[in-house]
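S.K.: With the sequence up front, the predicted model follows.
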Amino acid sequence: MKIKNILMVCGALFFGTVALTSCSNNDDNYDIDGDANNLIYVDQTLSKTTTCTIYHTPVGEFGEVQADINAKLQYSTQDSINVSAVVDTTLTSTYNSENNTNYATLPASALSAVKVKAGGISSGASSTSAPVEVSLPKECYSSLTAPCYVVPIRLALGNVLGSASERHVVGSKTLAIHYMIIKTTNELAYFDGTTTQTCAIVRTPLGVFGGISGNFDVSLHHALDGDVKVTAVADNSLIAAYNSEKGTDYVALPTNVANALIITPGTIAKGKTAAAPSIAVSVPNNVAKSLTEPGYILPLRLQVTYSN
């Protein structure tokens, strides 16, 4: 089975950071949310989102869906506290509205399978010694077919071991929220490094010099337990889009040159992530030297063949 790789440009989502400050223990009138509680919140110096990718292929699903959330307390506590988390789907529309997205909610079967491993805040500390882990088992990956999902996660108070702390410990209503973004794609293999190579053919009174040749590296996001063959195919349907984006007026190679194109495939060996050798592309010099236009373009699309 063959899968064609389509290169995509994704915009990064930027999120504002909320500063969290506290008053001294002698002043209970200006605490966050206007109360005297000791609030648990997501560490605001770190990202408020975790992005994961699931790769759908003919030989299975790959990737890892897990968010490690560092929690903090507004004040250090004399008690030992377990910090857990729950999925709060009521925040899905909030996320989409704030970020101008249309991410989906996980299907019910996946929501019920979400696993949470609690973190702990030791006595005298104000942050978790180990993060709260929220994950989705791999057996759920195949059911996720939408391009993007959002999983809103709200920190929750677990067991409080002791009663020595002066302040009641509760979760912040607005700052104890973390979002896990899950993206899905079938593009396990990708062109690695430069995706544009330039060749020159120079005509002089002494003769025509230069030619057409190039090498393209290919990698996998995750290693497989079998060989993967990678090659490229010409796709002139991409020329107009390239010229429009770059402000160029390159033309397709003439038929005789395109028919003489030599593409040597590469192999990504079992357990490896990089092709060795890479994909080689060339045109015999005697044919390439027949070109006369100022500029040509040869768009190549990655093609992948798995071991099955």
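M.R.: Cool, got the structure.

S.K.: Next, count neighbours for the closest residue to Gly210 other than its chain neighbours.
M.R.: Computed as C-beta to C-beta, 6 or more residues apart in numbering, the closest residue to Gly210 that is not its neighbour in sequence is Ile201, at 4.2 Å. For the C-beta atoms, the positions are set from N, CA and C on the backbone; glycine is no exception. Counted with other C-beta atoms under 10 Å, residues neighbouring Ile201 total 16.

S.K.: Could you do the one 5 residues further on as well?
M.R.: Residue crowding around Leu206 was assessed by other C-beta under 10 Å; the count is 6.

S.K.: hmm, back to that, residue contacts, the residue nearest to Gly210?
M.R.: Ile201 sits next to 208-212, 288-289, 291 when contact means C-beta atoms under 8 Å, 6 or more residues apart in numbering.

S.K.: rerun at 10 Å
M.R.: Listed by C-beta atoms under 10 Å, 6 or more residues apart in numbering, the contact set of Ile201 reads 208-212, 285, 288-292, 296.

S.K.: Quick check: phi and psi on it?
M.R.: The phi/psi pair for Ile201 (degrees, to the nearest 10) reads phi -120, psi 120.

S.K.: where does the chain have low pLDDT?
M.R.: Low-confidence segments of the chain (pLDDT under 70): 1-35, 158-166.

S.K.: which residues of it fall in helices?
M.R.: Under the criterion DSSP state H, the chain contains helices at 92-99, 108-111, 239-246, 255-259, 285-288.

S.K.: Any idea which of those helices gets closest to Ile182?
M.R.: Nearest to Ile182 among the helices of the chain is helix 108-111; the distance by C-beta to C-beta comes to 9.2 Å.

S.K.: any chance of the helices of the chain in CSV, with mean neighbour count too?
M.R.: Written out in CSV, the entries for those read as follows (neighbours: other C-beta atoms under 10 Å):
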stretch, mean neighbour count
helix 92-99, 14
helix 108-111, 13
helix 239-246, 12
helix 255-259, 12
helix 285-288, 16
